[in-house]
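[1] just to be clear, the model below is a prediction. Sequence and coordinates:
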Amino acid sequence: MLSDQDTPPEVTSGRARMIPCWSCKGPVEEGALFCQTCMTVQPPGQLDHFHRLGVPVGFDVDIAALDREYFSLQRRLHPDRFATRSPRERALSQQQAIALNDSYETLKDPLNRADYLMNLKGRHVLPEGCAMVNDQELLMEAMEMREALVEADTPEAAATLARRAAEDIRGCIAELRTVFDDEHFEQACRLTTRLKYLSKLADEAKARKAQLEGRGR
C-alpha cells in the first residue's frame with residue numbers, strides 16, 4: 001500500500017483528470033463531491049465555475065438547468081448528512097458548499113457571468129469608468145444618463161430612466177450572447193463595461209424614485 005508520501009499527486013484515467021482520494025487513496029475525478037470508492041466528501045479542487053456546476057462554458061446559460069443542478073448538489077451537502085462524519089469531512093462538505101455557492105452566484109447573474117468569462121479569456125474588465133476613458137461613445141452615454149438622473153425631480157421621471165436602463169440592459173445582454181458565441185472578445189469587453197454602468201444606473205434610478213416618493217408623503 002502506498003503511503004501519503006508515495007501517492008502520486010495525480011493520475012490520468014481516460015479523458016478525466018484523476019487525483020487520489022484523501023481518505024482511501026483511490027482515484028477520484030477532480031472536482032467530484034464524493035469518492036466513488038469510499039464515498040467520503042472530497043476537497044472542492046480548482047475547477048472553474050462552469051465545470052463545477054456541470055454547465056457548458058459560455059455566456060448563454062440555461063438558468064433553469066443551472067438552478068436544478070445547484071440545488072441538487074447542495075442537497076447532497078446538507079449538514080445533517082454529515083453529523084456523524086469526521087471533523088475533516090464536515091469541514092470539506094462546508095468548503096464544497098461555499099465553492100458551489102460562489103459558482104452559482106457568479107453564473108446566475110449576467111454581469112458577473114460576463115465579467116467572469118472575460119477573466120477566463122485572460123481579459124480583465126476594469127471597474128466602471130476606468131474602461132471607458134478611451135471609448136468616447138460609452139463615456140458620453142454614461143455622462144448623459146447620469147445628468148438625466150440628477151435632473152429627475154419627480155418619481156415619474158426617475159421611473160422613466162429606470163425603465164430605459166432596464167431596456168438597455170436587456171439589449172446589452174442579447175448582444176453579449178452574440179459576441180461571446182462569435183468570440184469577439186474586444187466587443188464583449190466593451191459590452192461588459194457598458195452593462196456594468198447600466199446596472200448601476202438602474203439601481204440608482206430606483207433609489208432616486210423611492211427618495212422622491214418619500215418626499216411627496
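    Good, I have the coordinates.
[2] and residue 55, how many neighbours?
    18 (other Cβ atoms under 10 Å). Heads up, the C-betas are built off the backbone N, CA and C, glycines and all.
[3] looking at this, it is in a strand?
    No - under DSSP: H, G, I helix; E, B strand; the rest coil, residue 55 falls outside any strand and is assigned coil.
[4] could you double-check that it sits in contact with residue 106?
    No - taking Cβ atoms under 8 Å as the definition, residue 55 is not a contact partner of residue 106, at 11.5 Å.
[5] shared neighbours of those two, which are they?
    Common contact partners of residue 55 and residue 106 (Cβ atoms under 8 Å, 6 or more residues apart in numbering): none.
[6] quick one: name whatever helix or strand follows the worst-scoring helix or strand of the chain on mean pLDDT.
    With mean pLDDT, DSSP states H and E as the measure, the helix or strand of the chain carrying the lowest mean pLDDT is strand 11-13 (a mean of 33). Moving toward the C-terminus from strand 11-13, the first helix or strand encountered (DSSP states H and E) is strand 16-20.
[7] average pLDDT for that following strand?
    Averaged over strand 16-20, pLDDT sits at 85.
[8] give the pairing partners of the next helix or strand after it; include direction for each.
    Following strand 16-20 in sequence order, the next helix or strand is strand 27-29 (DSSP H and E). Paired neighbours of strand 27-29 in the sheet (DSSP bridges): strand 16-20 (antiparallel).
[9] which parts of the strand it pairs with are buried?
    18-20 (16 or more other Cβ atoms under 10 Å).
[10] closest one to residue 42 out of these, please.
    Nearest to residue 42, judged by Cβ to Cβ, of the buried residues of strand 16-20 is residue 19 at 8.4 Å.
[11] hmm, that closest one is touching residue 28, no?
    Yes - between residue 19 and residue 28 there is a contact under Cβ under 8 Å: 6.3 Å.
[12] now do the lengthiest helix in the chain: which elements does it pack against?
    In the chain, assigned by DSSP state H, the helix with the most residues is helix 185-215. The contact analysis (3 or more Cβ pairs under 8 Å, 6 or more residues apart in numbering; DSSP states H and E) places helix 185-215 against helix 110-120, helix 136-151, helix 155-181.
[13] re earlier: how about the buried residues of strand 16-20 in CSV, adding distance to residue 110?
    Putting the buried residues of strand 16-20 into CSV (distance: Cβ to Cβ, whole Å) gives the following:
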residue, distance to residue 110
18, 34
19, 33
20, 38
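[14] just those residues now: which is nearest residue 36?
    Residue 36 lies nearest to residue 18 out of the buried residues of strand 16-20, by Cβ to Cβ, at 10.9 Å.
[15] burial count for the residue nearest to the closest one when sequence neighbours are not counted?
    Spatially, and ignoring its direct neighbours in sequence, residue 18 is nearest to residue 27 (4.4 Å; Cβ to Cβ, 6 or more residues apart in numbering). By other Cβ under 10 Å, the residues close to residue 27 number 17.
[16] quick one on the thing from earlier: tell me the angle the longest helix of the chain makes with helix 155-181.
    Relative orientation of helix 185-215 and helix 155-181, computed by axes from the mean of the first three to the mean of the last three Cα atoms, to 10 degrees: 160 degrees.
[17] check which residues of helix 185-215 are buried.
    Buried residues in helix 185-215, defined by neighbour count with 16+ other Cβ under 10 Å: 185, 188-202, 204-206, 208-209, 212.
[18] export the helices and strands packed on helix 185-215 as TSV, with columns for mean neighbour count and distance to residue 38.
    Shown next, in TSV, are those (neighbours: other Cβ atoms under 10 Å; distance: least, Cβ to Cβ, whole Å):
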stretch	mean neighbour count	distance to residue 38
helix 110-120	18	33
helix 136-151	14	54
helix 155-181	17	40
